[in-house]
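K.L.:
sharing a model prediction with you, sequence too.
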Amino acid sequence: EAGVTQSPTHLIKTRGQQATLRCSPISGHTSVYWYQQALGLGLQFLLWYDEGEERNRGNFPPRFSGRQFPNYSSELNVNALELEDSALYLCASSPDGSSYEQYFGPGTRLTVT
Amino acid sequence: QQQVKQSPQSLIVQKGGIPIINCAYENTAFDYFPWYQQFPGKGPALLIAIRPDVSEKKEGRFTISFNKSAKQFSLHIMDSQPGDSATYFCAASRNLIKAAGNKLTFGGGTRVLVKP
């Protein structure tokens, strides 16, 4: 069974640009979570999508947004990039909104110069 | 507000030793406590998890001890091997069906090095 996949692996952008990150959950999973892993700050919850709806968001500004498609894949958009947005962005999927277990993808390394 | 505090930040043990990582939480509504293992360049992998109704859980060489009254839980790696060298994260969450709040709150991570 294929795990969570994310693309691209690496992304380099300049300050002020927009970045789009993609995630495909494990087959059959309907929930997708996004986390930011910045150096020295651990993993911080960003967004949670379940069955196409945004269910919860963490303490991040509105320029962090996303969506979930009918096939449950998800996209994270970061607008007006700032240097401190440089981080590893991790996507995790869960069987449904009531499940505890979350399975992570390999992440997308975003570098803002 | 950091709701899950993890210690130590790093740990070095000899092969066969028992690294112990501790976590403390504040929110008594948490009801699920997983541990994740992360190798460089990889995403975190779910290792083992515990619910508050048990005090200990073992899976292979990994053991979680849970102290509900103290709001603390810990990971023990028995007979540690060099291949166990990784960063370990504790986390906590509460399960609310279809409600906002179903997210993992992570500790800061512990880098474990097992020397041959």
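P.N.:
Here it is on my side, so go on.

K.L.:
alpha carbons only for contacts and neighbour counts from here, please
P.N.:
OK.

K.L.:
A:Ala2 and chain B, how far apart?
P.N.:
Separation of A:Ala2 from chain B (C-alpha to the nearest C-alpha, to the nearest Å): 14 Å.

K.L.:
please name the spatially closest residue to that residue (chain neighbours excluded).
P.N.:
Excluding the flanking residues, the one nearest A:Ala2 by C-alpha to C-alpha, 6 or more residues apart in numbering or on different chains is A:Ile26, at 6.4 Å.

K.L.:
what helix or strand is the one you found on?
P.N.:
In the assignment (DSSP states H and E), A:Ile26 maps to no helix and no strand.

K.L.:
do the same with the one 10 residues further on
P.N.:
Using DSSP H and E, the element containing A:Gln36 is strand A:31-38.

K.L.:
need the residues that contact that strand.
P.N.:
If you take C-alpha atoms under 8 Å, 6 or more residues apart in numbering or on different chains as the criterion, strand A:31-38 is touched by A:25, A:43-51, A:68, A:72-74, A:76, A:85-97, B:103.

K.L.:
take those residues and keep only those in strands.
P.N.:
Judged by DSSP state E, the contacts of strand A:31-38 include A:43-50, A:68, A:74, A:76, A:87-94 as members of strands.

K.L.:
any low-confidence regions in chain A?
P.N.:
A:1 (pLDDT under 70).

K.L.:
cutoff 80 now
P.N.:
In the predicted model of chain A, residues A:1, A:40-41, A:97-99 satisfy pLDDT under 80.

K.L.:
does the single nearest residue of it relative to chain B count as helix, strand or coil?
P.N.:
Evaluated by C-alpha to the nearest C-alpha, chain A has A:Pro106 as its residue closest to chain B, separated by 4.2 Å. Three-state assignment for A:Pro106 (DSSP: H, G, I helix; E, B strand; the rest coil): coil.

K.L.:
can you tell me which residues contact it?
P.N.:
A:Pro106 touches A:4-6, A:90-91, B:41-44, counting by C-alpha under 8 Å, 6+ apart.

K.L.:
just the buried residues of those.
P.N.:
A:4-6, A:90-91, B:43-44 (16 or more other C-alpha atoms under 10 Å in any protein chain shown).

K.L.:
bridging residues for A:Leu47?
P.N.:
On the basis of DSSP bridges, A:Leu47 is bridged to A:Trp34, A:Arg57.

K.L.:
brilliant, that's me finished.
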